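>>> Could you work out the structure for the sequence below:
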Amino acid sequence: IEMMYACGLRLSELCSLKIKDIHLSEEYLRIVGKGDKERIVPFYPELRRQIEEYLKTVRPFWVSDLENDNVFVNQRGNVITSRGVQYILNNAVVNAGLDVHVHPHMLRHSFATHLLDNGADLRIVQELLGQIAAVQPVIDQLDSGLAQIEAYQAQLDAGAEQLSSASKQLDEAEEEIEEA
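Now for the predicted structure:
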């Protein structure tokens, strides 16, 4: 549960996380998300301690690294399922004495909300969530539209200069006529 919140992971990303994707000394995860897109997600020292504890004491009780290289396994040593994570989350909610329905994706939303509320840049949060690729075409389109607007503005400025020059010439011609 802590890893889902701390790293903004999708349920499927948590369930498919491999041991080789955890870089404890550097405190980051290599996540393969939707569309097989890879991203790097940092984590904090307390989560590192919890991961180390889980890998040393809990996981070996159920499975050996040779049998299964997934980080999270169930009591039979199989890869934990999304239903298994939901079950663990529901138990945590009940044990906390809460009377609410909590879905794993809510942890991902909380991760993003807490980062943004504390001043994180929107693009950085999108990158951490693995959503920058989905947003990038919109950004590109906006940039393209901005470039078009700037080009039109340059044309308008050039036209305004020509009009101003023509207006000056007309004023000068009128002055010459009046003088004559």
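
>>> helix/strand/coil for Leu29?
Using DSSP: H, G, I helix; E, B strand; the rest coil, the structure places Leu29 in strand.

>>> For it, give the beta-bridge partners.
Assessed by DSSP bridges, Leu29 has beta-bridge partners Ile22, Val41.

>>> Quick check: Arg39 is in a strand.
Yes. Inclusion of Arg39 in a strand is indicated when three-state DSSP is applied.

>>> I figured it hits Leu128, correct?
Yes. Using Cβ atoms under 8 Å, Arg39 is in contact with Leu128, at 7.3 Å. (C-beta placed from N, C-alpha, C; glycine too.)

>>> Where does the prediction get shaky in this structure?
65, 132-167, 170-171, 173-174, 180 (pLDDT under 70).

>>> at 50 instead, please
Across the chain, the ranges flagged by pLDDT under 50 are 134-135, 138-139, 142.

>>> Helices of that one, start to end?
Using DSSP state H, the helices of the chain run over residues 2-7, 11-15, 45-53, 59-62, 82-95, 104-117, 122-129, 132-179.

>>> Now tell me what touches the first one from outside.
Contacting residues not belonging to helix 2-7 are listed as 9, 11, 14, 29, 31, 41, 43-44, 47, 50-51, 85, 104, 107-108, 110-111, 128 [Cβ atoms under 8 Å, 6 or more residues apart in numbering].

>>> what's the answer for stretch 10-22, then?
Contacts with stretch 10-22, where a contact means Cβ under 8 Å, 6+ apart, come from 3-4, 9, 29-34, 51, 55, 65, 69-72, 79-82, 85, 104-105, 108, 130.
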